[in-house]
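Q: this one's sequence-less:
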């Protein structure tokens, strides 16, 4: 079993996600069903298609099916475009009406999937002019028979050009890379070939293939004829005759090998074996006793994509392999014509391969097939799978940049690293039963459903010995684990353990393997004590029976490290993973996937320790290895992209985070079922990044779809449901819908308190979320209570300098600041800054936030010089790291304006506030509340500068926005009335001042609790009015006058009693920002 890849999955960063629409799913299923057997798809777009009611249309489709396996018809251009866009691996031939072609081709012409376009219309002249602009249009036709003929030729060229080729990596870009390093597709298809050649295929395998073909070609009479012919005459003709016969067999075979789709390869495996054996037999007959002196030249013409061509040019001196069967010829002109034809596609480069063949090389089978081919072409040489060539020079032909001659020499060389890695893979997939070996390879290729089918078939056949049954149960456990069906995985591992304990000694390594994998399942479901116990049983056996540096010991150390990491025991986790890495570095090739697993797991520990620099380095090393040795859609690549994205997210680099999460999503969509948790996680991670970027509607939509999926597949108290509730609550909080936010966060907390330990990190998350909502509704005592609960857990489980502590210190500091405990706030913020300065780069935006927080506290305690210094440091970082229109920049300018305002430097205050306003004006709608905030700030400066007209104008603009966009009792309206009251006070217009202050007070009394700070602000402002209006009267007389004139304002009188006439600062209006 590949324990390593299991452990990679269990260290994946957790998250949640969103599903594609039903419409998308239907289109994807349609495309998958349509492209199972050919390298291309035929699409016909015409608004008048109606085969059920139009005989001409029905007949046209029948004629097309004589050339292609299926016809995908569309009457709607948008649906057609979406269908083409969803295809990933196949080429599209398109027939389109002239009218729809004129509007559709400009949209899709540059899609790599689109190969060839045929215009089918009644009036060619009308469309000749615009069609000349688009190279992929191969003609305008009025006769379907001519299109069929052109399609036949295009299909032949497509099959010629779609043969899978493995190239060496680029040697010129890195001296550290091996010139002879082939990509991973060669290794896996080579092992696939070896396995297929050991399987004893029976007649029932051929019958199953024919049954499948009848289903595929149910509506294609032409190919159904060939299916029947194959059934009746397969053994009457030689395999090469069938391969060259004009039917579906050869292109089904080549497509299966190109896509490495397990089901397709298994179905046609009998023919792969027969064809190889036939070529090998002819080779032995034709080239026995031949030496290097009998070398000869053959040619092959085909097209390469621009990306593959670039790879080929960089490969000079290295190796290349054709991973499928390839046809060559000794006739130069025939191959040159194929190369020239390929040039007609704007997406392809025409290549003429000139191949020097040494017949003494025995590693590759090839044969002259003239006498056995259906076509009887002269001098055709057919090579079996995996022929390897040394790449020689490449030259332009006839000074044409899109036609090249590339010289190849047949080689039996191999890359030493790849050879060692291939041997390890052979060892990891070995089994006494070839079909079980194939299942193990499918597991390595992450094709779990196909592997499960093979294992279950072996069990139902009833021909296996007990020990083999134990191995099959074991592989089923691996499959169920990867599919996250942990209960089933545990069941199969325990069945395997029971059989192995009976068949083997209790100290046998295979018994230890079972303990190891049972432990991994326990770890995955959070039962860490059982996981650690089972891992330790496995390790005791390994240490007793294996040599010191055995790879399985490394696996044991690694898996124990994973459990310690999940238990937050980071020192033991780090120690275990480093032991595993040391063994692997000493015993494995440098590009082995298990090394990637070690780096990935070390990265996860460093990540949880808050050491993001080392974490990123480790995850990037893991990704580099996986990119070299795994297929491009392997889930372990998705794990690496996800781990790196999560780090970028924590480091505040949202652009890189989004990019890597999208790469994860692309892989997961290709390789996982629609309800798989890793796919859900990809969607949710993307939603979280959008949330951070302020795109709340998209974020909320994604999170809510995730919740719907979780509610369908999880029990009602599952912690993952709590995660969904929290993510939705966070978005509602960001949108200002606090009651909805609190409701969702409390649902999450209830689940966590029922199901998790009292110091679990998810409880920290819930306490922080609830604290934030209470903070936003100004219930600061409740907020502080929840934040302190969070801090208590964090201080118990984290190192002193861990970045996660900064979140607790920051939130507690912000609450202390709001309730006026400024020294406590300053202490909390300084703890944050101290941690960040040791863990983050100097220009990180989180540092800027800390500078800004400290500056704000200094401003409030009157230390304006320090306040100004810290805010300027913050602004410098923001300018370097953020877009010039980023909202955080406007906030930073506002903070500077606030300090200048308090210093009495109104000119710089006005300039700073205006800088903030200009950013908001460029990026926000004209009635956005943030613009109202800027109007109020600017108005307050004009007031201080005695420009009362401008001050009143700006404050009234703010009030107008608030009245238009906010509920009639919103507290922001009270803020605007307070500002306006302040201006009237300055203008000595006491009647309007009192009216404005009373409006503010009425709004706050309705909306706020009796002890809310903003309510005190209103009381103070009213008291200030009476102080300034009746300043000549002593306090007692003032209170009596107020009581007489405002009997209903007893609260105002109480405030007035507390105002000292000798302290002029106490009479200043307090404006709540």
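A: Structure received. Just so we're clear, the structure is a prediction, and the values are computed from it rather than from any experiment.
Q: can you pull out the helices in the stretch 151-300 of the chain?
A: 184-198, 203-216, 221-233, 239-244, 248-259, 262-267, 269-287 (DSSP state H, counting those that start in this stretch).
Q: Mean pLDDT lowest where, among these?
A: When the helices of the stretch 151-300 of the chain are compared by mean pLDDT, helix 184-198 comes last with a mean of 77.
Q: mind checking which of the helices of the stretch 151-300 of the chain is nearest residue 61?
A: Closest to residue 61 of the helices of the stretch 151-300 of the chain is helix 221-233 (Cβ to Cβ; 11.6 Å). For glycine as for every other residue, the C-beta is placed from the backbone atoms N, C-alpha and C.
Q: what's the burial count for residue 974?
A: Residues near residue 974, counting by other Cβ atoms under 10 Å, number 28.
Q: Check which helices and strands the helix or strand that contains residue 750 is in contact with.
A: Per DSSP states H and E: residue 750 is located in helix 738-755. Helix 738-755 sits against helix 719-734, helix 761-776, with contacts defined as 3 or more Cβ pairs under 8 Å, 6 or more residues apart in numbering; DSSP states H and E.
Q: Does residue 385 lie in a helix or a strand, and which?
A: Counting by DSSP H and E, residue 385 is found in no helix or strand.
Q: what's the answer for residue 396, then?
A: strand 387-397.
Q: Pop the domain breakdown of the protein in here.
A: By the assignment in automatic domain parsing, the chain contains the domains 40-161, 184-284, 290-414, 568-586+593-625, 924-1073.
Q: could you redo the ones you listed as a markdown table and give each row distance to residue 506?
A: A markdown table is the format used below for the domains of the chain (distance: least, Cβ to Cβ, whole Å):
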| stretch | distance to residue 506 |
| --- | --- |
| domain 40-161 | 49 |
| domain 184-284 | 32 |
| domain 290-414 | 41 |
| domain 568-586+593-625 | 25 |
| domain 924-1073 | 68 |
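Q: Among those, show me which one is buried the most.
A: domain 568-586+593-625 (a mean of 22; mean count of other Cβ atoms under 10 Å).
Q: so how far does that domain reach from one end to the other?
A: One end of domain 568-586+593-625 sits 27 Å from the other (Cα to Cα, to the nearest Å).
Q: could you give me the average pLDDT of it?
A: Averaging pLDDT along domain 568-586+593-625 yields 92.
Q: Could you do stretch 769-783 as well?
A: Taken as a whole, stretch 769-783 carries a mean pLDDT of 91.
Q: Check the offset of it from the chain's centre.
A: Relative to its parent chain, stretch 769-783 has a centroid offset of 33 Å by Cα atoms, centre = their mean, to the nearest Å.
Q: buried residues in that stretch?
A: By 16 or more other Cβ atoms under 10 Å, the buried positions in stretch 769-783 come out as 769-775, 777-780, 782-783.
Q: Roughly how far does the closest residue to residue 245 other than its chain neighbours sit from residue 247?
A: The shortest distance from residue 245 to any non-neighbouring residue, by Cβ to Cβ, 6 or more residues apart in numbering, is to residue 374 (4.4 Å). Going from residue 374 to residue 247 by Cβ to Cβ, to the nearest Å gives 9 Å.
Q: re earlier: Throw the helices and strands packed on helix 738-755 into a markdown table and include distance to residue 944, thanks.
A: Output for these, formatted as a markdown table (distance: least, Cβ to Cβ, whole Å):
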| stretch | distance to residue 944 |
| --- | --- |
| helix 719-734 | 33 |
| helix 761-776 | 30 |
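Q: pretty sure residue 354 belongs to a strand, no?
A: Yes. Secondary structure assignment places residue 354 in a strand (DSSP: H, G, I helix; E, B strand; the rest coil).
Q: Which strand or helix spans the residue nearest to it when sequence neighbours are not counted?
A: Once flanking residues are discounted, residue 354 sits nearest to residue 407: 5.1 Å by Cβ to Cβ, 6+ apart. Applying DSSP H and E as the criterion places residue 407 in strand 400-410.
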